[in-house]
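# Have a look at this fold, sequence not included:
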């Protein structure tokens, strides 16, 4: 079934009460009308490669035999992509002022041209106008934006001016996350959906849960994040509620997770594809509970959303060839020579989307499961990290450069003035010590005033602006790890 898109970016419809033809915006005007569909054309209305092979693109001439347009003849317009509908010397035309479909004797008018669009592609156009998108070729500082249908069969997304006549039907192979487009009919670009999810795996002792509470607090205040958050945990929803900072407006989903030991709890990050809703997000960012956000997280998320690979921060002290922490034994046993390449820390993982990368996460999980079955749980003292390094090196699917500038792998010496985006206390071995250091660092951040885009003169980002009472927030942070955490008022 094909619908007709007017040159104003509206859809040709029928009024349900009086049957008159009209045209309405796809995202606001289709509630009390029926979309006009063309279902008896004798050949494809959309130009395709077959027309190139036959060199007959202008030969379209279809007389409709049934339906509301019975007796009307469809031909191609001079641009060889849009259509014109005529009968008895009159042409259908869209009136921009009244929203009506009328007749004209002037077949040269752009308003007398219509573009065939399938129902699935019409849904794509609607989604582009209602969701947020990043343009791959745009500067990294450009925020996500909604698309807009413009006159002349044009779609505007960010700085892109996309002529739909050279792009329909769409390549929907990676929809709803990504859509390749052609500019000027031939230059390739890509728009990427921006709907982030940040997720944790937080199981076990009170100290680990206190780290999660501090990390979550930093995310929704200094990190200036109000999107979706997921925590995989062995704690109840009521227990997790006591760890949520006062005034948090972000959506937090609690996913019950059984983890029999620390190794299993660490491997839980690999199972995110098992939560069906996770497939709707782009990007996904996993962070360990001992991570604090010390600048707004959006720039990092935007970079991941436009990436093609799983992203992780480089471990500057851990060469793949010699460090057991990043899989040297596995690589050596498989006759791999990584040269001087460095491994990565899996406590921060940027996953563009699960449509592309769920299979890779499943492969890492399978290797881990198989090696436990063959050699026992004690054979994996560093959990999934060596296996993840081995697998992503072998598959050439790891990017250790993209998010490394945002991440500091830290010990007790890290200080707020040196912030980059997030700090991971992976080099502090004791859980209780990490809680104390994280609390001290977060209080320092709130005193210092972490700001949008590193603007030192601005107010504290994500605190007052997100409606969180600053005094209550300080009291909340000061209590974590010092006295039993209770739900703040």
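That came in fine, so what should we check first? These figures come from a predicted structure and were not determined experimentally.

# For stretch 389-403, what is the distance to the chain centroid?
Computed by CA atoms, centre = their mean, to the nearest Å, the separation of stretch 389-403 from the middle of its chain amounts to 20 Å.

# Flag every buried residue along that stretch.
By 16 or more other CB atoms under 10 Å, the buried positions in stretch 389-403 come out as 389-394, 398-400, 402-403. (Glycine included, C-beta is placed from N, CA and C.)

# end-to-end on it?
End-to-end span of stretch 389-403 (CA to CA, to the nearest Å): 16 Å.

# again, but for stretch 95-107
Stretch 95-107 end-to-end distance (CA to CA) = 14 Å.

# quick revisit: would you turn the buried residues of stretch 389-403 into JSON lines with secondary structure and distance to residue 169?
Listed next are the buried residues of stretch 389-403 as JSON lines, based on DSSP: H, G, I helix; E, B strand; the rest coil; distance: CB to CB, whole Å:
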{"residue": "389", "secondary structure": "helix", "distance to residue 169": "41"}
{"residue": "390", "secondary structure": "helix", "distance to residue 169": "41"}
{"residue": "391", "secondary structure": "helix", "distance to residue 169": "36"}
{"residue": "392", "secondary structure": "helix", "distance to residue 169": "35"}
{"residue": "393", "secondary structure": "helix", "distance to residue 169": "38"}
{"residue": "394", "secondary structure": "helix", "distance to residue 169": "37"}
{"residue": "398", "secondary structure": "strand", "distance to residue 169": "34"}
{"residue": "399", "secondary structure": "strand", "distance to residue 169": "32"}
{"residue": "400", "secondary structure": "coil", "distance to residue 169": "38"}
{"residue": "402", "secondary structure": "coil", "distance to residue 169": "32"}
{"residue": "403", "secondary structure": "coil", "distance to residue 169": "35"}
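
# Point to the residue nearest the middle of the chain.
residue 282 (1.7 Å; CA atoms, centre = their mean).

# Do you know the pLDDT at it?
On pLDDT, residue 282 comes in at 98.

# swap in residue 246?
89.

# I'd guessed the residue nearest to the centre of the chain sits against residue 353; true?
Yes: using CB atoms under 8 Å, residue 282 is in contact with residue 353, at 4.2 Å.

# how is the protein carved up into domains?
Dividing the chain into domains by automatic domain parsing, as the record does, gives the ranges 2-116, 120-193, 197-479.

# and among those domains, the most buried is which?
Neighbour counts (mean count of other CB atoms under 10 Å) averaged over each of the domains of the chain peak at domain 197-479, with a mean of 19.

# can you give me the offset of that domain from its chain's centre?
Counting by CA atoms, centre = their mean, domain 197-479 is centred 17 Å from the centre of its parent chain.

# show me the residues around residue 3 that make contact.
11-12, 35-38, 116-119, 122 (CB atoms under 8 Å, 6 or more residues apart in numbering).

# for the residues you listed, which one is nearest residue 183?
Of all the contacts of residue 3, residue 183 sits closest to residue 117, with 19.2 Å by CB to CB.

# thinking again about what came up before, greatest separation within the buried residues of stretch 389-403: which pair is it?
Farthest-apart pair in the buried residues of stretch 389-403 is 394 and 403; separation 21.1 Å (CB to CB).

# Quick check: residue 220 vs residue 301, distance?
Computed as CB to CB, to the nearest Å, the residue 220 to residue 301 distance reads 14 Å.

# scratch that, residue 81
Residue 81 sits 36 Å away from residue 301, taking CB to CB as the criterion.

# re the thing from before, which residues are common contacts for residue 282 and residue 353?
Residues within reach of residue 282 and of residue 353 at once, by CB under 8 Å, 6+ apart, are 177-178.

# mind listing what the residue nearest to residue 391 when sequence neighbours are not counted touches?
Distances taken as CB to CB, 6 or more residues apart in numbering place residue 364 nearest to residue 391, at 4.9 Å, with adjacent residues excluded. Residues in contact with residue 364 (CB under 8 Å, 6+ apart) are 270, 384, 387-388, 391-392.

# Work out for me the element residue 364 sits within.
Using DSSP states H and E, residue 364 falls within helix 354-375.

# Next up, phi/psi of the residue lying farthest from the centre of the chain, please.
Distance from the centre of the chain peaks at residue 88, with 50.8 Å (CA atoms, centre = their mean). Main-chain torsions, residue 88, degrees, to the nearest 10: phi 60, psi 40.

# could you measure it against residue 69, distance?
The gap separating residue 88 from residue 69 is 13 Å, by CB to CB.

# ditto for residue 113
In this view, residue 113 and residue 69 are 16 Å apart by CB to CB.

# next one: residue 245
60 Å.

# repeat for residue 299
From residue 299 over to residue 69 the distance is 51 Å, taken as CB to CB.

# Over to residue 97?
Look at residue 97 and residue 69: by CB to CB, they are 24 Å apart.

# Show me the shaky parts of this structure.
When residues are selected by pLDDT under 70, those of the chain lie in 40-43, 449-467, 483-489.

# Tell me where it has helices.
Using DSSP state H, the helices assigned to the chain run over residues 49-54, 119-130, 206-220, 237-241, 262-267, 298-305, 328-333, 354-375, 385-395, 431-448, 470-479.

# for these, which one sits closest to residue 316?
helix 385-395 (14.2 Å).

# Give the other helices and strands that the closest one contacts.
Packing partners of helix 385-395 (3 or more CB pairs under 8 Å, 6 or more residues apart in numbering; DSSP states H and E): helix 328-333, strand 342-344, helix 354-375.

# try 10 Å
helix 262-267, strand 310-311, strand 314-319, helix 328-333, strand 342-344, helix 354-375, strand 398-399 (3 or more CB pairs under 10 Å, 6 or more residues apart in numbering; DSSP states H and E).
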